[in-house]
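J.: Okay, structure incoming, though there's no sequence with it:
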Ligand code: NAD
Ligand code: UD1
C-alpha cells in the first residue's frame, strides 16, 4: 500500500498529512479546488520534503475528474479532507455545506466502489458528540445533538460510512474525530490560513500577537470550569498529521473493518490558560476582554485518546509550548500573505 489519494491536500490538515506521508515514503496523489487554500502550499510541501505531490486541481464533486484520477493512478487508499469547515457560514449556507461536505463524499465513495478501492480515512470532528455528559469523551459516547449544519454534515457522513460497511464489510473505513488542531509545521512554511477574521481561538490569538487584530474576545467566563472559560483539547497539527500515517498502516494491516478514533491529547486547557501559555512562550502580550458566551459553545470538551494509543500505537507528543511557538512562528512569517 503505497499510493495515497488525498482530497483537500492543500488545506491545513491535508498539507501537514501530505508532508508526513511523503516523509514516510508514500506517494501522494492530491486534489484541491483552492476554495480555502493557495497553490503555493504545493511549493511549500516540496520545500519541506524534497518530494512532489502528483496534483490535480479540481472539485471532488466532479465525478469525471475523480474517475480520471483513479484511472491514471493505482490508488491504494484515500484520505478525505475536502470540505468546508466554518461553523458560522454553515448556518447561513446550509445547502452549500451539505453539497460540499456530504454530496462530494457520496461522489467519491461511488467512484471508489466502481474502481474497487475500498480503504478510506474520513475527517470527522469532536463536534459529533454535541454536549457530551461524559468527560473525557470516549468513542463509545453517544453522537448526535449537533447544533449547526457543519457538525450535522460530519454526522451524516459518519452514518453513510456505517451503512456502507454494513452493506459490504470488505471495506476498510477509519473515522478520525479531531478535537482542536492548532499550531503549524516547525518550518513555518505551512499552517492554518483561515480566510478573513479567524473564528477559532489559536489563529485569533496569533493575530492579536502580531497586531493584525486589536483584541481577543473571550467568549464567557461563567462556565462551570476551572477559571470559568471554555475548556478544549488542543492538539498540535503535526501530531494529528502523524496519526493519519498510523491510520493508513492500520488499514494495510487489518485490510477491512470499521474503525473510529478520537484524535486529541486527553488534556483540557481553558481559554485563559491558552492566553497565558501563548504570552509566556512567545514573550508577547495578548489584549483580551471577556464578553458574552458564543451561542452553540460547550463548556468542556476533551478526549479520552487511549483507544488510538492502544490500536494505532499513536499518541500526541507535542505540548502546549510547541503549539503556541509554532502557531506564532507561522503567523509572523505569513503576515500579509
Ligand atoms: P481546510 O479548509 O484548511 O482544508 C480543506 C481543503 O479542501 C482546502 O484546501 C479546500 O480548498 C479543499 N476543498 C474544499 N472543498 C473541496 C472540494 N469540493 N473539492 C476539492 N477541494 C476542496 O480545512 P482543514 O482544517 O484542513 O480540515 C480538513 C478536514 O478536517 C475537513 O473535512 C474538516 O471539516 C475536518 N476537520 C477540521 C478541523 C479543524 O479544526 N481544522 C476539526 C475537525 C474536523
Ligand atoms: C469549533 C467549532 C467546531 C469545529 C472546530 C474546528 C463551534 C461552536 N465549534 O470548535 O464545530 O469542529 O471549531 O476547529 O464553532 N474562543 C474565544 N474567543 C475566540 C474564539 C474562541 O473565547 O475568538 C473560545 C471558545 O469559546 C472555546 C475555545 O475558545 O471555548 C475554542 O474555540 P474554537 O477554537 O472556536 O474551537 P471550538 O469551539 O472548540
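T.: Here it is on my side, so go on. Predicted model only: the values in this text are computed from it and were never measured. Ligands and ions are numbered 1, 2, ... in the order given.

J.: got the residues of the stretch 51-200 of the chain near ligand 1?
T.: By the criterion of CB under 6 Å from any ligand atom, the positions of the stretch 51-200 of the chain lying close to ligand 1 are 59-61, 81-83, 85, 100, 104, 123, 125, 178, 181. C-beta coordinates here come from the backbone N, C-alpha and C atoms, glycine included.

J.: tell me the pLDDT at the residue of the stretch 201-337 of the chain found nearest ligand 2?
T.: Nearest residue of the stretch 201-337 of the chain to ligand 2 (CB to the nearest ligand atom) works out as residue 230 at 2.2 Å. For residue 230, the pLDDT comes out at 98.

J.: ok, it touching residue 290?
T.: No - using CB atoms under 8 Å, residue 230 makes no contact with residue 290, being 11.8 Å away.

J.: where do the strands sit along the stretch 51-200 of the chain?
T.: Counting by DSSP state E, counting those that start in this stretch, one finds strands in the stretch 51-200 of the chain at the ranges 54-57, 77-80, 119-125, 172-178, 180-182.

J.: Show me how far the helix or strand just after the last one is from its chain's centre.
T.: Secondary structure here is assigned by DSSP states H and E; on that basis, the next helix or strand after strand 180-182 toward the C-terminus is helix 201-209. Relative to its parent chain, helix 201-209 has a centroid offset of 18 Å by CA atoms, centre = their mean, to the nearest Å.

J.: what does stretch 103-123 give?
T.: 19 Å.

J.: same check, this time on stretch 81-99
T.: Taking the mean of its C-alpha atoms, stretch 81-99 sits 15 Å from the chain's own mean (CA atoms, centre = their mean).

J.: before we move on, the earlier item: can you redo the strands of the stretch 51-200 of the chain as JSON lines with mean pLDDT and mean neighbour count?
T.: As requested, these are exported to JSON lines (pLDDT from 0 to 100; neighbours: other CB atoms under 10 Å):
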{"stretch": "strand 54-57", "mean pLDDT": "98", "mean neighbour count": "16"}
{"stretch": "strand 77-80", "mean pLDDT": "98", "mean neighbour count": "24"}
{"stretch": "strand 119-125", "mean pLDDT": "98", "mean neighbour count": "24"}
{"stretch": "strand 172-178", "mean pLDDT": "98", "mean neighbour count": "23"}
{"stretch": "strand 180-182", "mean pLDDT": "98", "mean neighbour count": "24"}
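
J.: mind checking which of those strands is nearest ligand 2?
T.: The nearest among the strands of the stretch 51-200 of the chain, by CB to the nearest ligand atom, is strand 119-125 at 4.0 Å.

J.: Partner strands of the closest one and their direction?
T.: strand 77-80 (parallel), strand 172-178 (parallel) (DSSP bridges).

J.: Report all helices and strands that the lowest-mean-pLDDT helix or strand in the chain contacts.
T.: Here the helix or strand of the chain ranked lowest by mean pLDDT, DSSP states H and E is helix 87-92, holding a mean of 93. The contact analysis (3 or more CB pairs under 8 Å, 6 or more residues apart in numbering; DSSP states H and E) places helix 87-92 against helix 149-167.

J.: Quick one: residues in contact with the helix it packs on.
T.: 83-87, 89-91, 93-94, 97-98, 101-102, 105-106, 109, 120, 122, 124-125, 127-128, 130, 143-144, 146, 171, 173, 175, 258 (CB atoms under 8 Å, 6 or more residues apart in numbering).

J.: you'd agree residue 290 is in a helix?
T.: No - with DSSP: H, G, I helix; E, B strand; the rest coil as the criterion, residue 290 is assigned strand and is not in a helix.

J.: partner residues bridging it?
T.: Applying DSSP bridges, one finds that residue 290 bridges with residue 218.

J.: and it, how many neighbours?
T.: Applying other CB atoms under 10 Å, we find 14 residues neighbouring residue 290.

J.: Would you check how far apart it and ligand 1 are?
T.: Applying CB to the nearest ligand atom, to the nearest Å, the value for residue 290 to ligand 1 is 24 Å.

J.: what's near enough to touch that residue?
T.: 218, 220, 221.

J.: Out of those, who's the most crowded?
T.: Going by other CB under 10 Å, residue 218 tops the contacts of residue 290 with 21 neighbours.

J.: tell me the pLDDT at it?
T.: So residue 218 comes in at 98 (pLDDT).

J.: try residue 195
T.: pLDDT at residue 195 comes out at 77.

J.: wouldn't it be in contact with residue 36 here?
T.: Yes - counting by CB under 8 Å, residue 195 touches residue 36, with 6.4 Å between them.

J.: more neighbours, those two?
T.: Using other CB under 10 Å as the criterion, residue 195 and residue 36 rank with residue 36 on top: 18 against 10.

J.: related to what we said a few turns ago, and the least confident helix or strand of the chain, anywhere near ligand 2?
T.: Yes - Helix 87-92 reaches ligand 2 (CB under 6 Å from any ligand atom) through residue 87.

J.: you'd agree residue 281 is up against residue 321?
T.: Yes - here residue 281 reaches residue 321: they are 5.2 Å apart, a contact under CB under 8 Å.

J.: who's more crowded, these two?
T.: residue 281 (17 against 14).

J.: so who does that one touch?
T.: Contacts of residue 281 by CB under 8 Å, 6+ apart are 320, 321, 324, 325, 328.
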